[in-house]
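Asker: turn this into a model:
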Amino acid sequence: MEWNDRFMAMFTEMVARFHSQDSPAGGQFVLPHEREALASVGYSPQEMYAYVEDYARLGDPSPSTVLLIAAARRSFFLTVQRGIAGSAQLRETDLPSPEETLQDISYLPRIIRKAEAKLYGTLPVGTMFYCSKDREFLRTHGDIHPADFLYVVWGAHGDRQKVISYVLRMMAVQKKRGETNQPN
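Answerer: Okay, here's the model as predicted:
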């Protein structure tokens, strides 16, 4: 079985487990064999639990979106990090505040830093990439898929201007689509 099939089966099992019991958070919820499988793709139990919990409670992000985010992380983990997880977790205070701006776009510095931390596996405990605020930001600033955003951040190699340019292009496309979908 391919890693993605195992990942999807594990996600489905965890969602069922979440619905069937009082669910302790993160590491206690994830079974030992699941921890090993997650570690092989550069995931922590807390990360997976956050996606399971949001999907189980809110129906968002979808399982396929969770898989695509995992694929981006896995690819970065195996190619850039050579299968060795980042050691130093960020602290919440290391992230820009939600109010900070880049090119007059609030929240952009924060989501870029969260995407970098997601790729490196160093998100602060209790912080999720593609949380509800991230989802709102990406949907309203170009309808950007979170996995695409991860790949853009990866490809930018720390160059914020490349990410800003991408977001602005996607916002222009979104605006144009909205205008062409308007009744005449």
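Asker: and this structure, what are its domains?
Answerer: Domain assignment for the chain, taken from automatic domain parsing, gives 1-84, 86-184.
Asker: quick check: mean pLDDT of the shortest one?
Answerer: Taken as a whole, domain 1-84 has an average pLDDT of 92.
Asker: starting from the helix or strand containing residue 110, tell me the next helix or strand along the chain.
Answerer: Using DSSP states H and E, residue 110 maps to helix 108-120. Using DSSP H and E, the helix or strand that directly follows helix 108-120 along the chain is helix 132-140.
Asker: any idea how far that next one is from the middle of the chain?
Answerer: 11 Å (Cα atoms, centre = their mean, to the nearest Å).
Asker: same check on stretch 76-89?
Answerer: 16 Å.
Asker: end to end, how far does it reach?
Answerer: Taking Cα to Cα, to the nearest Å, stretch 76-89 runs 17 Å from one end to the other.
Asker: in that stretch, which residues are buried?
Answerer: Across stretch 76-89, burial judged by 16 or more other Cβ atoms under 10 Å covers 76-77. No exception for glycine: its C-beta is placed from N, CA and C like everyone else's.
Asker: where do the helices sit along the protein?
Answerer: In the chain, the segments counted as helices under DSSP state H are 3-20, 32-40, 45-58, 63-79, 108-120, 132-140, 146-156, 160-180.
Asker: got JSON lines for these, with distance to residue 91 too?
Answerer: Shown next, in JSON lines, are the helices of the chain (distance: least, Cβ to Cβ, whole Å):
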{"stretch": "helix 3-20", "distance to residue 91": "27"}
{"stretch": "helix 32-40", "distance to residue 91": "22"}
{"stretch": "helix 45-58", "distance to residue 91": "15"}
{"stretch": "helix 63-79", "distance to residue 91": "20"}
{"stretch": "helix 108-120", "distance to residue 91": "11"}
{"stretch": "helix 132-140", "distance to residue 91": "18"}
{"stretch": "helix 146-156", "distance to residue 91": "20"}
{"stretch": "helix 160-180", "distance to residue 91": "21"}
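Asker: ok, and the closest non-adjacent residue to the spatially most central residue of the chain?
Answerer: Nearest to the geometric centre of the chain sits residue 129, at 3.7 Å (Cα atoms, centre = their mean). In space, residue 129 comes closest to residue 118 once its chain neighbours are excluded; the distance is 3.8 Å by Cβ to Cβ, 6 or more residues apart in numbering.
Asker: I'd guessed the one you found sits against residue 73; true?
Answerer: Yes - shown here, residue 118 and residue 73 form a contact pair, counting by Cβ atoms under 8 Å, at 6.3 Å.
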